[in-house]
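**Q** coords below, sequence missing:
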């Protein structure tokens with residue numbers, strides 16, 4: 001049976017996440033790989049308004065205020081009042097911001113840099129629509145910032161997009177740009193759902209400190225945020241993101257702008273999750289079989305930084321249970337330039353999922369470019385593939401010839417294979433300084449399961465595989481310079497039963513990495529909030545060993 005056929009079948013994070021630097025002075029980091037990070041970043045600094053205040057009371061005409069507002073003005077809306085759209089954001093001359101915000105006092109919302117949740121809804125004005133979208137953009141609309149706004153369908157209505165930024169523009173200069181959603185609450189109907197929160201086909205766009213939930217549909221993919229026809233830069237920071245199909249996706253439809261690849265994308269400090277009430281068979285299941293796929297997917301994207309996020313709760317239903325997909329797709333056959341390249345996936349927690357990360361080197365349906373330069377470094381994978389989630393617990397799956405994939409300094413607890421491969425060989429592959437259990441096959445591929453050395457020579461020619469802890473593995477089946485304790489118990493975690501996966505001072509794997517650091521995750525590179533999610537207590541960090549081994 002082929003690999004493809006076998007698999008076709010928290011409490012909230014702490015406030016101020018977006019202000020925490022994960023990497024500064026944090027100890028050993030993944031080695032340089034040539035992966036390019038975003039060249040541009042969206043500036044989300046809150047600029048105080050310099051113009052008039054246009055107050056729109058309950059029952060007032062928000063569209064008239066949007067039409068009348070000048071750059072630098074602020075439009076205030078009554079807390080708790082409902083304004084019925086759709087609303088069109090007009091294009092205006094000038095580069096000052098038009099701010100649309102709740103009229104509630106500043107102290108009624110958390111400060112900038114702190115995520116809102118549904119408990120703030122009574123203090124927010126409500127923008128809603130019964131059909132179409134709640135917010136749409138005119139060509140070239142720009143410099144709008146929404147603060148403390150609830151955006152939703154009318155009760156009982158199903159909407160395809162709550163916010164539609166851009167649509168089918170055929171040149172980048174026609175796109176909306178400089179749009180920010182700041183401490184907003186966007187959600188679908190609790191019973192009907194909604195296909196998408198924000199269609200992010202725009203430039204210089206950000207969603208920060210917000211809560212997006214109840215995006216769900218039966219028989220079609222649904223997302224909190226999706227983008228396919230916007231070049232970037234884009235920023236998604238410190239949000240709660242909930243979607244049945246893919247919580248967040250870039251690609252998935254052919255761009256109408258020729259040669260467009262969504263690029264320079266920053267995804268930091270978000271919480272990606274699906275409620276267990278969507279899971280068939282769970283005691284909390286509410287009875288609607290929403291189409292469940294994955295937590296995050298890239299199908300056409302370039303220079304993407306995914307850093308310091310929590311990904312949790314994903315299971316086998318309409319897809320095979322992988323939480324994270326880097327799967328290049330020329331979705332409808334008209335975009336052969338589609339590519340997934342220069343992706344940095346670091347300092348994340350991925351847990352409670354059927355399988356881990358799936359990488360597709362080339363589209364196996366239509367012509368595409370090759371996926372390349374992907375770094376998966378310093379991540380924790382926990383509870384991957386237990387019976388509750390299905391999927392078999394495969395940690396990494398690489399199909400059809402990706403290039404320059406580096407998997408380094410991760411700690412994983414998965415129920416299935418570490419790596420599985422199929423299709424064309426993968427070049428420039430590096431796997432080092434990781435901690436995992438071996439389980440049944442460890443490293444295998446179509447026709448080579450049970451023979452890791454043959455798998456590596458067949459599917460990963462010239463690969464670097466070194467300084468990995470493969471608990472329960474057989475040293476004779478792997479390249480030298482790896483470690484094979486009899487079980488995870490012999491790794492020497494500080495408190496594995498309690499979920500503290502740092503290495504104890506007595507662990508034999510302290511200071512034996514390729515750079516003289518420890519193998520596995522360096523938890524010092526996690527933000528305080530991420531450490532809180534793991535319930536880690538501060539402890540003295542011993543001086544790092546400077547040699548290459550013991």
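**A** Perfect, thanks for sending it. Predicted model only: the values in this text are computed from it and were never measured.
**Q** ranges for the helices of the stretch 1-150 of the chain?
**A** 3-8, 62-68 (DSSP state H, counting those that start in this stretch).
**Q** and the end-to-end length of stretch 345-357?
**A** The first and final residues of stretch 345-357 sit 11 Å from each other (CA to CA, to the nearest Å).
**Q** please apply the same query to stretch 278-297.
**A** Termini of stretch 278-297 sit 20 Å apart (CA to CA).
**Q** pull out the buried residues from it.
**A** Neighbour counts over stretch 278-297 (16 or more other CB atoms under 10 Å) mark 278, 279, 290, 291, 292, 293, 294, 295, 296, 297 as buried. Using the backbone N, CA and C atoms, a C-beta is placed for each residue, glycine as well.
**Q** what about the fourth one, distance to residue 480?
**A** Distance of residue 291 to residue 480, computed by CB to CB, to the nearest Å: 46 Å.
**Q** likewise for the last one?
**A** Look at residue 297 and residue 480: by CB to CB, they are 37 Å apart.
**Q** which residue ranges of the stretch 151-300 of the chain form strands?
**A** 163-165, 177-182, 185-187, 196-200, 203-208, 211-215, 223-227, 234-237, 240-243, 246-250, 263-268, 271-273, 294-298 (DSSP state E, counting those that start in this stretch).
**Q** show me what the second one is packed up against.
**A** Which is strand 177-182. If you count contacts as 3 or more CB pairs under 8 Å, 6 or more residues apart in numbering; DSSP states H and E, strand 177-182 packs onto strand 142-147, strand 203-208.
**Q** and residue 166, which of those strands is closest to it?
**A** Put simply, out of these the one that sits nearest residue 166 is strand 203-208, at 8.8 Å, with distance taken as CB to CB.
**Q** what's the angle from that closest one to strand 177-182?
**A** For the pair strand 203-208 and strand 177-182, the angle between their directions (axes from the mean of the first three to the mean of the last three CA atoms, to 10 degrees) equals 0 degrees.
**Q** list the contacts of the residue nearest the centre of the chain.
**A** Per CA atoms, centre = their mean, the C-alpha nearest to the average position across the chain is that of residue 296, at 4.7 Å. With contacts defined as CB atoms under 8 Å, 6 or more residues apart in numbering, residue 296 is in contact with 246, 247, 248, 249, 267, 272, 306, 311, 323, 324, 325.
**Q** residue 516 and residue 479, how far apart?
**A** Here residue 516 is placed at a distance of 20 Å from residue 479 (CB to CB).
**Q** CSV for the strands of the stretch 151-300 of the chain, including distance to residue 133?
**A** Shown next, in CSV, are the strands of the stretch 151-300 of the chain (distance: least, CB to CB, whole Å):
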stretch, distance to residue 133
strand 163-165, 4
strand 177-182, 14
strand 185-187, 12
strand 196-200, 8
strand 203-208, 16
strand 211-215, 14
strand 223-227, 13
strand 234-237, 19
strand 240-243, 17
strand 246-250, 18
strand 263-268, 23
strand 271-273, 24
strand 294-298, 23
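**Q** export these to JSON lines and tack on mean pLDDT and distance to residue 340?
**A** Formatted as JSON lines, the strands of the stretch 151-300 of the chain follow (pLDDT from 0 to 100; distance: least, CB to CB, whole Å):
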{"stretch": "strand 163-165", "mean pLDDT": "98", "distance to residue 340": "22"}
{"stretch": "strand 177-182", "mean pLDDT": "98", "distance to residue 340": "24"}
{"stretch": "strand 185-187", "mean pLDDT": "98", "distance to residue 340": "27"}
{"stretch": "strand 196-200", "mean pLDDT": "98", "distance to residue 340": "17"}
{"stretch": "strand 203-208", "mean pLDDT": "98", "distance to residue 340": "20"}
{"stretch": "strand 211-215", "mean pLDDT": "98", "distance to residue 340": "23"}
{"stretch": "strand 223-227", "mean pLDDT": "98", "distance to residue 340": "14"}
{"stretch": "strand 234-237", "mean pLDDT": "98", "distance to residue 340": "15"}
{"stretch": "strand 240-243", "mean pLDDT": "97", "distance to residue 340": "20"}
{"stretch": "strand 246-250", "mean pLDDT": "98", "distance to residue 340": "9"}
{"stretch": "strand 263-268", "mean pLDDT": "97", "distance to residue 340": "11"}
{"stretch": "strand 271-273", "mean pLDDT": "96", "distance to residue 340": "18"}
{"stretch": "strand 294-298", "mean pLDDT": "98", "distance to residue 340": "5"}
